Structures are given as C-alpha cells and as structure tokens.
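*Asks:* sequence first, then the predicted structure:
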Amino acid sequence: MIPMSKPKNIFESICYKYISAHLDDEDMIFDAMCAALNNLPARYYRDEACLSKQYMRAQLEDYRHIAEEACKRAIEFIKKHPRKPC
C-alpha cells in the first residue's frame, strides 16, 4: 500500500530556497543541498498541519537560521571544490 503522504525533511525546502537564490547552476545547487543537508539533523514531518502542531514558530525560525548557516558553508565549499566532470 502506498502512503497518502510521505515524510518530508523540514530542512529540504529551506535549503533549496536559500541555495537556489545564491547559485544558478542546477548541479551546483543540488551538490550544495547535499552538503548542507548532510550537516543538519534529520527533522521529518508528515504534512503542513502536523508541522504547525509539532513545532512552535520560534523553533521553526531557529531551524531556518541553522539551515541557512549550513547552506552558506555548503555554497562556500562547493565553490572551492567544484565537481569534476564524470
């Protein structure tokens, strides 16, 4: 049976929004996302209703700040260490 809604990582959308606003190349965006997400804790939610019940607004703001800091470091790393062509 396929679940009606699948778990989502709270940091994925935050990282994508931040990184895609700072990088244009799709490969670099996804490389930076992987680097950022690998340095963040796993925080999953089921849907938007669960998200608002599970986390308070201040906690969500803290998560945004933590994610943006991880994104800054990831972007810096990706720019210094570009992927070599396969």
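*Replies:* Structure received.
*Asks:* can we go C-alpha only for contacts and neighbour counts from here?
*Replies:* OK.
*Asks:* ok, and what's touching stretch 75-86?
*Replies:* Residues from elsewhere that reach stretch 75-86 (C-alpha atoms under 8 Å, 6 or more residues apart in numbering): I19, M28, D31, A32.
*Asks:* where's the first one relative to P7, distance?
*Replies:* Taking C-alpha to C-alpha, to the nearest Å as the measure, I19 and P7 are separated by 22 Å.
*Asks:* more neighbours, those two?
*Replies:* When I19 and P7 are compared for neighbours, I19 comes out ahead with 22 against 11, by other C-alpha atoms under 10 Å.
*Asks:* quick check: chain neighbours aside, which residue is closest to Y63?
*Replies:* What sits nearest to Y63 in space, not counting adjacent residues and going by C-alpha to C-alpha, 6 or more residues apart in numbering, is F11, at 7.5 Å.
*Asks:* got it, and N39?
*Replies:* Nearest to N39 is A70, by C-alpha to C-alpha, 6+ apart, at 6.8 Å.
*Asks:* also Y18?
*Replies:* Nearest to Y18 is E68, by C-alpha to C-alpha, 6+ apart, at 6.7 Å.
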